[in-house]
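Novice: let's see this in three dimensions:
(one chain, ligands or ions: 1)
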Amino acid sequence: MAGIDPGICNFATVSYGDEAVLYPGGALKEDEYYFAKKRAETDDSASREARRLDRKRTDRRTHFLHTLSKEIVAECVKRGVGTIVVGDLGGIREDENGDARNWGHHGNLDLHGWAFDRFTQMLLYKAEVEGVEVVTKSEQGTSKTCSACGRSDKRQRVYRGLYVCECGFVGNADCNGAENIRRKVLPNLATDGGRDRDNGWLAQPAVRLFDRSEGRFAPREQVIQTDREP
Ligand SMILES: [Zn+2]
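Specialist: Down below sits the predicted model:
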């Protein structure tokens, strides 16, 4: 069983119950910035150049999402994960058409909602091929609840990306959310010692960055930041 928490800074955080992996969305955001700037430099928004830029931007987003969904499904197959629970952003987005022309007006939340919807669709398709089930659950409350003790009141706080609970638990906030999403379809684990296990891994997630030159995700130290010219 794996849980995926969608986020703005970390596009996806995956909890496997004994290990967590962060996938930062920096590559998506950098592209957004780059193409918005290039687009502003073209005088005619209906020109061939403008259309070329739009196409290129869409291709790059699609490539990122395909690579990420493929990576996560492959990782689940490797770990023998039968079910992936994906957090649903619910009310955050309004436009489900993903109309690229509107992105500039709506900002990052829409970019994110659109991208995560597409990511979820790709994940569903790729997981199905591998015989892995994908379940969508509302992520409501998952960021506020402590994955160690289950409390969800005022005794927890998030400070600089860290989730700190009065019970003594300190973990990465996104990992805490992903673990709570994973538990949404694990009703029994909460009582069979699931919450008493060592949860130090929630404070030490692995980070995998998108390596554009290789077209894959790799551990942070292996990714060489290259010139962003498309
Ligand atoms: Zn706690």
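Novice: count of neighbours near Gly171?
Specialist: As a burial measure, Gly171 scores 24 neighbours (other Cβ atoms under 10 Å). In short, each C-beta sits where N, CA and C put it, glycine included.
Novice: for it, which residues count as its bridge partners?
Specialist: Tyr163 (DSSP bridges).
Novice: roughly how far does the nearest residue to Leu186 once chain neighbours are set aside sit from Cys76?
Specialist: Spatial nearest neighbour of Leu186, chain neighbours left out: Met1 (6.1 Å); criterion: Cβ to Cβ, 6 or more residues apart in numbering. The gap separating Met1 from Cys76 is 9 Å, by Cβ to Cβ, to the nearest Å.
Novice: between the two, what contacts are shared?
Specialist: Ile84 (Cβ atoms under 8 Å, 6 or more residues apart in numbering).
Novice: neighbour-wise, which of these two wins?
Specialist: Neighbour tally, Met1 and Cys76, criterion other Cβ under 10 Å: the higher count belongs to Cys76, 23 against 20.
Novice: ok, the residue nearest to Leu186 - contacts?
Specialist: Met1 touches 16-17, 81-85, 182, 185-186, counting by Cβ under 8 Å, 6+ apart.
Novice: buried subset of those residues as a PyMOL selection?
Specialist: Under the burial definition 16 or more other Cβ atoms under 10 Å, those of these that qualify are selected in PyMOL by:
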select buried, resi 16+17+81+83+84+85+182
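Novice: and the contacts of Met1, which two are furthest apart?
Specialist: Farthest-apart pair in the contacts of Met1 is Tyr16 and Val185; separation 14.0 Å (Cβ to Cβ).
Novice: close enough to count as contact, Ser143 and Gly177?
Specialist: Yes - Ser143 is within contact range of Gly177, at 4.7 Å (criterion: Cβ atoms under 8 Å).
Novice: who touches both of these two?
Specialist: With Cβ under 8 Å, 6+ apart, Ser143 and Gly177 have common neighbours Asp5.
Novice: so these two - more neighbours on which side?
Specialist: Neighbour comparison, Ser143 and Gly177: the larger count goes to Gly177, with 29 against 20 (by other Cβ under 10 Å).
Novice: how far out from the middle of the chain is the helix or strand harbouring Arg157?
Specialist: When elements are assigned from DSSP states H and E, Arg157 belongs to strand 156-159. Relative to its parent chain, strand 156-159 has a centroid offset of 20 Å by Cα atoms, centre = their mean, to the nearest Å.
Novice: who does it pair up with?
Specialist: Strand pairing (DSSP bridges) places strand 156-159 next to strand 162-165 (antiparallel).
Novice: for the partner strand, list every residue counted as buried.
Specialist: By 16+ other Cβ under 10 Å, the buried positions in strand 162-165 come out as 163-165.
Novice: and these near the ion, which?
Specialist: Among the buried residues of strand 162-165, the residues within reach of the ion (Cβ under 5 Å from the ion) are Cys165.
Novice: closest one of the buried residues of strand 162-165 to Cys149?
Specialist: Minimum distance to Cys149 across the buried residues of strand 162-165 is 6.3 Å, recorded for Cys165 (Cβ to Cβ).
Novice: tell me where the chain has strands.
Specialist: For the chain, strands defined by DSSP state E occupy the ranges 2-6, 10-15, 20-24, 83-88, 133-138, 156-159, 162-165, 170-172, 206-211, 216-219.
Novice: convert the first one to CSV, retaining C-alpha atoms only.
Specialist: The one in question is strand 2-6. Taking Å, rounded to 0.1, in the frame of the first residue of the first chain, the C-alpha atoms of strand 2-6 are listed here in CSV:
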residue,chain,number,x,y,z
ALA,A,2,1.3,3.4,-0.9
GLY,A,3,-0.1,6.9,-0.3
ILE,A,4,0.5,9.9,-2.5
ASP,A,5,0.1,13.5,-1.3
PRO,A,6,-0.2,16.2,-3.9
